[in-house]
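Student: Following is a predicted model, sequence given first.
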Amino acid sequence: MYLVTSDEMRRLDRQTIDEFGIPALALMENAGRAIAEEAVRLLAGAGKPRGAWAILVGKGNNGGDGLVCARHLRELGHDAVLVYAVPPEQLAGEAAAQRDIAERLGIPARAFADAGAAAWDGCDGLVDALLGTGTAGAPREPYAALIRAANASGLPIVAADIPSGLNADTGETAEPCIRAAVTVALALAKRGLLQHPGAEAAGRVVVRPIGIPEALAAAMDVRAFALGERTFREKLGLAWPLRRQADAHKGTYGHALVAAGSRAMSGAGLLAAKAALRAGSGLVSWALPEALALPMAGRLPEAMLHGVPDDGRGDWRAAPPEALAALAAGKQALVIGPGLGRWEGDGAWLRAVWEAADGVPLVADADALNMLAAAGEQGGGGELFAAWPRRKAPVVLTPHPGEMARLCGLSVREVQRDRIGLAQRFAERHGVTLALKGARTVVATPDGTAYVNATGNPGMATGGSGDVLAGIIGGLLAQGLTAEQAAAAGVYLHGEAGDRAAAARATEAGLIAGDIIEAL
Ligand SMILES: NC(=O)C1=CN([C@@H]2O[C@H](COP(=O)(O)OP(=O)(O)OC[C@H]3O[C@@H](n4cnc5c(N)ncnc54)[C@H](O)[C@@H]3O)[C@@H](O)[C@H]2O)[C@H](O)CC1
Ligand SMILES: [K+]
């Protein structure tokens, strides 16, 4: 559940060891044993009850974990050989203590500098105990050569704590970076294991306790979490799975207004409105340009349609903001943006709606985000909310990396460099709830908390998928969920539905946005 940075992990280590007196060697023993057990499990899964492992030992305590792991692998009936990245006499502290124990036990050791890749001849797998949370920058030689050779070996790799070469805080991977089959995260998952490309380098992530009291993480006010049932219950105050009350009537579940769709993109409004219904909104009204109202009539019988003035053009430029705000009055959610289109002065139009519908929780997606960003550029780039008044009702923004780049005045690459940190800072600074989409969507809330989602699949990168997400979040808001709950649950359910839709089709390819709605 908790996602920590290297610095937070170090502080937790220190607190555990210094304040609680749990010896570092005890933590290391638990770490090494956990890694050994996961290594054995990996080979057992491949039909090998016994195997031979090469443990790649670095200079720090990550290396120490590897030395302990070697002992436990042998106790579990596997063979283990140590491959030192640096001369063993360079090890210090707990790692040196483990080196001496391994020597006394006669565990065979080789220097990578001498043996090269031959060091693991005859082995079935490698344990990457080279670099952990003490990494600073890209792996230097000789670690880099060792990492390249390990990746080229074709052997399955079990990474201790993090794959060496991963930036544990951001998910960036250096060149080279270990590509692991399994990563055994010690005590708590590091943020970088749940953000691409780190998530790919890490393979399957298993979080194994090593004796650090988890209550310490809560006490230390860790502000990032992996989304899942426990997080929904313990951090977001949501009964999970979401339940309908028995004595429900359609008014119980609120009324969402979806302002979306235009001549060329009428389907975006249809998808968003349908998704809001499927997400459980009691009622859904779809506001769309007058010219589309008749052609779209009956396409979504469950939704009420409201044509807004458009001078026959099928777009929003002639729609009076106060008319839309009047439609929004009394609703529990307003979803605005999918398929809205752009026009001269659209930023001012959106601001008028933003202010006039001040009391209605608002989800801004797609073109509404681009209007916000454009308004920001006029206002000096990135400072879009400085000028805009804070709304009484909450705001949820659902940008993909490109829209986030425009909102922040950054490049996409800069956005992707530290998605969790950027999302937290943006949400806190602007007092909004943000769903920064992409593989492993990050939901950030006005108090700077981040929730990382791991449901979903690449098949969902298809036109309309974002319209569906905006609708789902609006539908959840309509039912009375808070902005944080609706964004987190919406992102999770959207991905989960996408996974089920892909499974039903036995392929991720060819998934279309409507499939996601059906799977909700
Ligand atoms: N979380 C816990 O309670 C425990 C964690 N353990 C393990 O300890 C490591 C962190 O150990 P640390 O000694 O701080 O650092 P590392 O072993 O990750 O590596 C630092 C080591 O490597 C050198 N180094 C740093 N950056 C580079 C680089 N870019 N290229 C080459 N060399 C580099 C640096 O000089 C140091 O010597 C944690 O991940 C866990 O695996 C404990 O074992 C159990 C308790
Ligand atoms: K490692």
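Tutor: Right, received. Where do you want to start? Ligands and ions are numbered 1, 2, ... in the order given.
Student: Tell me which helix or strand comes right after the lowest-mean-pLDDT helix or strand in the chain.
Tutor: Across the helices and strands of the chain, mean pLDDT, DSSP states H and E gives its lowest value to helix 384-387, namely a mean of 61. Later in the chain than helix 384-387, the nearest helix or strand by DSSP states H and E is strand 395-397.
Student: After that next one, which helix or strand is next?
Tutor: Heading C-terminal from strand 395-397 (DSSP H and E), you reach helix 401-408.
Student: what about the next helix or strand after that following helix, distance to the chain center?
Tutor: Toward the C-terminus, helix 401-408 is succeeded by helix 412-417 as the next helix or strand (DSSP H and E). A distance of 14 Å separates the centroid of the chain from that of helix 412-417, by C-alpha atoms, centre = their mean, to the nearest Å.
Student: helices or strands next to helix 412-417 in the packing?
Tutor: Packing partners of helix 412-417 (3 or more C-beta pairs under 8 Å, 6 or more residues apart in numbering; DSSP states H and E): helix 401-408. Every C-beta, even on glycine, is put in place using the N, C-alpha and C of the backbone.
Student: and Asp418, what does it touch?
Tutor: Listed by C-beta atoms under 8 Å, 6 or more residues apart in numbering, the contact set of Asp418 reads 169-170.
Student: Adjust the sequence numbering to begin at 702 for everything that follows.
Tutor: OK, 702 is where the count begins now, so the last one is Asp1119.
Student: Is the residue in the stretch 902-1051 of the chain positioned nearest to ligand 1 part of a helix or strand, or is it coil?
Tutor: Proximity of the stretch 902-1051 of the chain to ligand 1 (C-beta to the nearest ligand atom) peaks at Ile913, 5.5 Å away. Recorded secondary structure, Ile913: coil (DSSP: H, G, I helix; E, B strand; the rest coil).
Student: what number of residues lie near it?
Tutor: Using other C-beta atoms under 10 Å, Ile913 has 21 neighbouring residues.
Student: and it, what is it in contact with?
Tutor: Applying C-beta under 8 Å, 6+ apart, the residues near Ile913 are 713-714, 717, 723, 728, 888-889.
Student: Could you do Gly1048 as well?
Tutor: 1072-1073, 1075-1076, 1079.
Student: And it, its phi and psi?
Tutor: Per-residue torsions, Gly1048: phi -60, psi -40 (degrees, to the nearest 10).
Student: mind checking which helix or strand the spatially closest residue to it that is not a sequence neighbour is in?
Tutor: Excluding its sequence neighbours, the residue lying closest to Gly1048 (C-beta to C-beta, 6 or more residues apart in numbering) is Ala1076, at 3.7 Å. Here Ala1076, judged by DSSP H and E, is contained in helix 1068-1079.
Student: got the CA coordinates for that helix in CSV?
Tutor: Provided in CSV are the C-alpha atoms of helix 1068-1079 (Å, rounded to 0.1, in the frame of the first residue of the first chain):
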residue,chain,number,x,y,z
ASP,A,1068,-10.6,20.3,-24.8
ALA,A,1069,-11.5,21.9,-21.5
LEU,A,1070,-8.0,21.2,-20.3
ASN,A,1071,-6.6,22.7,-23.5
MET,A,1072,-8.7,25.8,-22.9
LEU,A,1073,-7.4,26.0,-19.3
ALA,A,1074,-3.8,25.7,-20.6
ALA,A,1075,-4.4,28.3,-23.2
ALA,A,1076,-5.8,30.6,-20.6
GLY,A,1077,-2.7,30.0,-18.6
GLU,A,1078,-0.5,30.9,-21.5
GLN,A,1079,-2.2,34.2,-21.8
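Student: Who are the packing partners of that helix?
Tutor: Contacts defined by 3+ C-beta pairs under 8 Å, 6+ apart place helix 1068-1079 against helix 1047-1057, helix 1085-1088, helix 1102-1109.
Student: will you turn those helices into a markdown table that also has distance to Pro809?
Tutor: A markdown table is the format used below for the helices and strands packed on helix 1068-1079 (distance: least, C-beta to C-beta, whole Å):
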| stretch | distance to Pro809 |
| --- | --- |
| helix 1047-1057 | 68 |
| helix 1085-1088 | 62 |
| helix 1102-1109 | 48 |
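Student: Mind checking the ones you listed for the one nearest to Arg1018?
Tutor: Nearest to Arg1018, of all the helices and strands packed on helix 1068-1079, is helix 1047-1057, at 7.5 Å by C-beta to C-beta.
Student: Only the C-alpha atoms, please, for the closest one, written as PDB.
Tutor: The C-alpha coordinates for helix 1047-1057 follow below in PDB (Å, rounded to 0.1, in the frame of the first residue of the first chain):
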ATOM      1  CA  ASP A1047     -12.900  29.500 -25.700                       C
ATOM      2  CA  GLY A1048     -10.700  30.100 -22.600                       C
ATOM      3  CA  ALA A1049     -13.000  33.000 -21.600                       C
ATOM      4  CA  TRP A1050     -16.100  30.900 -22.300                       C
ATOM      5  CA  LEU A1051     -14.800  28.100 -20.100                       C
ATOM      6  CA  ARG A1052     -13.900  30.600 -17.300                       C
ATOM      7  CA  ALA A1053     -17.500  31.900 -17.400                       C
ATOM      8  CA  VAL A1054     -18.900  28.400 -17.100                       C
ATOM      9  CA  TRP A1055     -16.300  27.600 -14.400                       C
ATOM     10  CA  GLU A1056     -17.400  30.500 -12.300                       C
ATOM     11  CA  ALA A1057     -21.200  30.400 -13.000                       C
END
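Student: quick one: which of the contacts of Gly1048 is nearest ligand 2?
Tutor: Leu1073 (41.3 Å; C-beta to the ion).
Student: any idea which of the contacts of Gly1048 is the one closest to Met702?
Tutor: Leu1073 (32.2 Å).
Student: list the contacts for the closest one?
Tutor: 1048, 1051, 1065, 1085, 1098, 1108.
Student: Kindly indicate whether Tyr1152 is helix, strand or coil.
Tutor: strand.
Student: Find the nearest non-adjacent residue to it, please.
Tutor: Using C-beta to C-beta, 6+ apart and skipping the chain neighbours, the partner closest in space to Tyr1152 is Val1144 (4.4 Å).
Student: Kindly report the same for Gly838.
Tutor: Nearest to Gly838 is Ala875, by C-beta to C-beta, 6+ apart, at 7.5 Å.
Student: Can you give the contact residues for stretch 1194-1210?
Tutor: Counting by C-beta under 8 Å, 6+ apart, 980, 1142, 1154-1161, 1166, 1169-1170, 1173, 1212, 1216-1221 sit against stretch 1194-1210.
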